[in-house]
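Participant: Sequence first, predicted coordinates after that:
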Amino acid sequence: MDYIILDIEFNGRKFASEHPMEVIEIGAVRLDSSLQYQDEFSSLIKPIYFSTLNSFIKKKTGIPQEEIDIADRFPKVITAFTEWLDQSTDGVLLLTWGGEDMKRIIQDIRMHKMDDIYWMEATYFDLLKGVLRARNLSNDISVEGAMALFELDPSGSAHRALDDARMTSEIFRAVFNDLDFERSQHYKDTYSNARERKTVKVAIKAMNSQKITPTWELVAEHYFSDKTTLTDPRKLAELQDYFTAQVGRP
């Protein structure tokens with residue numbers, strides 16, 4: 001099995017919009033089962049929406065607008081990337097820094113009305129969480145922070161997909177023996193956001209401090225002032241499950 005260290009960059013917006021942010025760059029490094037470098041993939045993508053990069057994204061990534069203007073669209077790039085992945089004849093494990101990369105790729109696949117089965121069935125490992133567990137850290141850290149943690153010399157430009165993938169591959173090598181690959185997973189759609197899940201945790205903590213037995217009904221009544229938040233049955237079920245899991249934690 002090969003290890004594919006994946007990183008993406010996506011565009012942004014300075015104002016509220018119904019249009020989604022899109023992937024504008026994919027970078028990946030392939031390591032073999034012995035963690036030896038094999039090859040890499042890199043491509044810019046011209047988005048449908050917000051194709052003119054705003055000043056924040058240009059400064060953050062350093063991606064030139066003129067290169068975005070002549071880049072291929074997402075369907076062509078993701079097809080080429082999938083074909084590159086399939087060159088690993090014994091299968092692959094994707095490594096990501098957090099869960100956002102998989103979410104963004106699948107979102108764009110669906111936006112372009114492409115089949116998402118390949119990516120929904122792909123196995124990936126969240127290396128950020130793996131590092132946090134391995135080093136008993138409670139707060140998220142950046143790729144650059146992890147490089148410093150493992151005393152690795154950064155190279156390339158942060159926030160360019162291929163350079164970030166290269167640096168992440170060095171982190172992967174450094175922490176490999178401490179990783180629990182039983183925690184590899186498949187992408188799962190989520191309908192609640194981090195703020196809503198935090199509200200549930202805050203509610204449970206507050207009720208426990210007041211010696212009130214936490215119930216979902218109390219959380220929904222007193223901590224979700226905007227009742228429309230809970231009208232989506234998928235989100236409601238997800239938050240209820242999250243509540244049950246949090247209440248059951250020691």
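Facilitator: Looks like it arrived, so ask away.
Participant: could you pull out the helices for this protein?
Facilitator: With DSSP state H as the criterion, the chain has helices at 55-61, 65-69, 74-85, 100-111, 117-121, 127-134, 143-149, 161-175, 194-209, 216-223, 233-247.
Participant: and those, which is most packed in?
Facilitator: Mean neighbours per residue, mean count of other Cβ atoms under 10 Å, is largest over those for helix 161-175, with a mean of 22. In this view, the C-beta of every residue, glycine as well, is placed from N, C-alpha and C.
Participant: can you list contacts of it?
Facilitator: For helix 161-175, contacts defined as Cβ atoms under 8 Å, 6 or more residues apart in numbering pick out 3, 5-9, 25-29, 31, 35, 37, 40-42, 95, 97, 127, 130-131, 134-135, 143-144, 146-147, 150, 152, 154-158.
Participant: now the most far-flung residue of the chain relative to its centre: how far from residue 217?
Facilitator: Here the chain reaches farthest from its C-alpha mean at residue 211, the gap being 37.2 Å by Cα atoms, centre = their mean. According to Cβ to Cβ, to the nearest Å, residue 211 and residue 217 sit 18 Å apart.
Participant: tell me the domain ranges of this structure?
Facilitator: Domain ranges of the chain: 2-186, 194-247, per automatic domain parsing.
Participant: Just put these in a markdown table and tack on mean pLDDT.
Facilitator: A markdown table is the format used below for these (pLDDT from 0 to 100):
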| stretch | mean pLDDT |
| --- | --- |
| domain 2-186 | 94 |
| domain 194-247 | 92 |
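Participant: May I have stretch 212-227 as CSV, with CA atoms only?
Facilitator: Output in CSV follows, covering the C-alpha atoms of stretch 212-227 (Å, rounded to 0.1, in the frame of the first residue of the first chain):
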residue,chain,number,x,y,z
ILE,A,212,-29.3,19.5,36.6
THR,A,213,-29.6,16.3,34.7
PRO,A,214,-28.8,17.1,31.1
THR,A,215,-31.5,16.2,28.6
TRP,A,216,-31.8,17.0,25.0
GLU,A,217,-35.1,18.7,25.5
LEU,A,218,-33.5,21.2,27.9
VAL,A,219,-30.6,21.8,25.5
ALA,A,220,-33.0,22.4,22.6
GLU,A,221,-35.3,24.7,24.6
HIS,A,222,-32.7,26.9,26.4
TYR,A,223,-29.6,26.9,24.3
PHE,A,224,-30.8,27.0,20.7
SER,A,225,-32.5,30.4,20.6
ASP,A,226,-32.9,30.2,16.8
LYS,A,227,-35.3,27.2,16.5
